[in-house]
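In: Here is my input, please return the structure:
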Amino acid sequence: DFLFAPPSQIFSVTISMAAAFLPSAAVAAKPAFNALNYASGSCISASRSFNLKAAHQAAVDGPKAFFGRRKFEVAPQQINTITFSVSAATALDQDTLKRLAAEKAVEKYFRSGMVVGLGTGSTAAYAVAHVGKLMKEGKLKDIVAIPTSIRTAEQAESLGIPLVTLDTHPNIDVAIDGSDEVDPVLNLVKGRGGALLREKMVELQSGKFIVIVDETKLVAGLGISGAMPVEVVQFCWEFNLKRIQDLFGCEAKRRENPDGTPYVTDNSNYIIDLYFSEPIPDPYGAASTLKSYVGVVDHGLFLDMATSIVVAGSDGVYEMKRTNPKIPDSAITTE
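Out: You can find the predicted model right below:
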C-alpha cells in the first residue's frame with residue numbers, strides 16, 4: 001500500500017539501499033541500488049519493468065534480493081536503510097508526444113544564422129512554437145524562416161520569427177514538417193492539411209528535411225490510411241478528377257469545407273482527394289504520370305525527400321534515417 005499511483009501513471013521508481021561495510025559483508029556486492037525505471041502505459045522515459053511489490057519484499061526480507069538480472073546477497077542486519085521514491089506522472093498522450101518530438105528535432109537540427117523552412121499542420125505548429133520560444137530565450141539568433149502556408153506565416157509572425165521567401169533566400173538549411181504517411185523507405189504522403197504545393201517547393205530546396213510524426217503515421221505502403229491529395233487548377237477540375245480516377249481506378253473526391261463549399265488552397269486551387277483500397281503499387285510511376293497531366297499542379301507524394309523521420313512512439317522519441325542521405329536506396333537506421 002506504499003504505491004499511491006496506478007501503474008499506468010508511474011513515471012519512475014528509485015530504490016536505494018545502504019549496507020554497512022562489515023567484514024561479513026564482503027559478498028554484499030554494492031552498498032546501494034541505483035535508479036531503476038518501472039515502465040507502463042506511454043511514459044516517455046520508459047526503459048524496463050519489474051514487480052515493484054516483489055522487489056520491496058525481497059529487499060526487506062533478504063538475504064537474497066533480485067533486481068532485474070543482477071543478484072545482490074545482503075543479510076538483513078547489514079542493511080541500514082531502504083529508500084523508495086515513486087514519481088507519478090500522467091501517461092503521455094499523442095499530442096504531448098508529438099510536441100516532445102518536435103522540440104527534440106528543432107533542438108537537434110536548428111542553429112543560429114540558419115534559413116529554415118516551416119511546415120504546416122498541427123505537428124509542425126509545435127516546431128514553429130519551439131523555434132519562437134528558443135529565439136525569445138536567445139538560444140537561437142539570426143534565424144529567418146520561409147513558411148509553407150498563410151496560417152504558418154501568421155503563427156511565425158506572432159512569435160517574432162522573421163519571414164523571407166524563396167525569391168530572396170533560395171537555399172534553405174533545414175526544413176521541418178509533419179507527414180500524413182511514412183513508408184518503410186521513408187517516402188511520404190503529405191498534403192491532407194491543404195498546403196502540399198508550398199510544402200514541396202520549400203522542402204525540395206532544403207539541405208535537410210526533417211519530418212515529425214507519431215507512430216500511427218508509419219504505414220506498410222503509401223495511400224492506405226486516408227486521402228492522397230492532388231492539387232489541381234479550378235478550370236475544368238471535373239475533367240482532371242475523372243481522368244485521375246480512371247488512371248488509378250480509385251475513389252476520387254473534390255475536397256470540401258464543412259459547409260459544403262469547395263476547399264480552396266492558398267494558391268487558389270482545388271484539391272482532389274484519392275482513396276485507395278490497397279497501397280499505391282508504383283509511387284514513382286504515379287508521381288510522374290500525375291505531373292504529366294496539364295491542370296495538375298502537384299500531388300502529395302513526397303519521394304526521396306526526407307532526411308530524417310523523428311517519431312513520437314509509445315516508448316519515447318526515436319529517429320529513422322538513411323545511412324547515406326544522398327542514396328535513396330541506402331539502409332534505414334533507427335536511433
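In: Settle this for me: G117 is touching I176, isn't it.
Out: Yes: between G117 and I176 there is a contact under CB atoms under 8 Å: 7.0 Å. For every residue, glycine as well, the C-beta is placed using N, CA and C.
In: what is in contact with the two at once?
Out: F209 (CB atoms under 8 Å, 6 or more residues apart in numbering).
In: now the nearest residue to V116 once chain neighbours are set aside: how far from I271?
Out: Excluding its sequence neighbours, the residue lying closest to V116 (CB to CB, 6 or more residues apart in numbering) is A145, at 5.0 Å. Distance of A145 to I271, given as CB to CB, to the nearest Å: 25 Å.
In: which of these two has more neighbours?
Out: More crowded of A145 and I271, by other CB atoms under 10 Å: A145, with 28 against 25.
In: For that one, give me its contacts.
Out: Contacts of A145 (CB under 8 Å, 6+ apart): 115-118, 131, 156, 161-164.
In: gap between it and K321?
Out: For A145 relative to K321 (CB to CB), the value is 23 Å.
In: thinking again about what came up before, make TSV from the contacts of A145 and add neighbour count, secondary structure and pLDDT to it.
Out: Rendered in TSV, the data for these read as follows (neighbours: other CB atoms under 10 Å; DSSP: H, G, I helix; E, B strand; the rest coil; pLDDT from 0 to 100):
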residue	neighbour count	secondary structure	pLDDT
V115	22	strand	98
V116	30	strand	98
G117	29	strand	98
L118	25	strand	98
V131	23	helix	98
A156	21	helix	98
I161	22	coil	98
P162	11	coil	98
L163	13	strand	98
V164	14	coil	98
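In: Turn those into JSON lines, columns for distance to K217.
Out: Supplementary listing: these in JSON lines, determined by distance: CB to CB, whole Å:
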{"residue": "V115", "distance to K217": "27"}
{"residue": "V116", "distance to K217": "22"}
{"residue": "G117", "distance to K217": "19"}
{"residue": "L118", "distance to K217": "19"}
{"residue": "V131", "distance to K217": "22"}
{"residue": "A156", "distance to K217": "24"}
{"residue": "I161", "distance to K217": "26"}
{"residue": "P162", "distance to K217": "30"}
{"residue": "L163", "distance to K217": "28"}
{"residue": "V164", "distance to K217": "29"}
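In: Give me the buried positions along stretch 289-298.
Out: When burial is assessed from 16 or more other CB atoms under 10 Å, stretch 289-298 yields the following buried residues: 290, 293, 296-298.
In: Next step: the residues you listed restricted to strands.
Out: Among the buried residues of stretch 289-298, the members falling in strands (DSSP state E) are 296-298.
In: Of those, which is the nearest to D214?
Out: Set against D214, the nearest of these by CB to CB is D298 (25.3 Å).
In: List the contacts of the closest one.
Out: Counting by CB under 8 Å, 6+ apart, D298 has contacts 196-197, 200, 230-231, 291.
In: Show me which of those residues are buried.
Out: 196-197, 200, 230-231.
In: Of these, which pair is most distant in space?
Out: Using CB to CB, the two most remote members of the buried ones among the contacts of D298 are K200 and V230, lying 12.2 Å apart.
In: which stretches of the chain have low pLDDT?
Out: Residue ranges of the chain with pLDDT under 70: 1-92, 323-331, 335.
In: try it again with 80
Out: 1-94, 315, 322-335 (pLDDT under 80).
In: Can you tell me which of the ones in strands among the buried residues of stretch 289-298 is closest to K139?
Out: Closest to K139, out of all of these and judged by CB to CB, is D298, at 35.3 Å.
In: if I look at that closest one, how far off is S122?
Out: As judged by CB to CB, D298 and S122 stand 22 Å apart.
In: got it, and E107?
Out: On the measure of CB to CB, E107 and S122 end up 20 Å apart.
In: can you give me the helices for the protein?
Out: 52-61, 94-109, 122-136, 150-158, 196-204, 237-248, 283-292 (DSSP state H).
In: hmm, who's touching the longest one?
Out: I take that to be helix 94-109. Here helix 94-109 makes contact (CB under 8 Å, 6+ apart) with 42, 44, 92, 122-124, 126-127, 130-131, 134, 174, 176, 178, 208, 210, 212-214, 216, 308, 310-314, 317.
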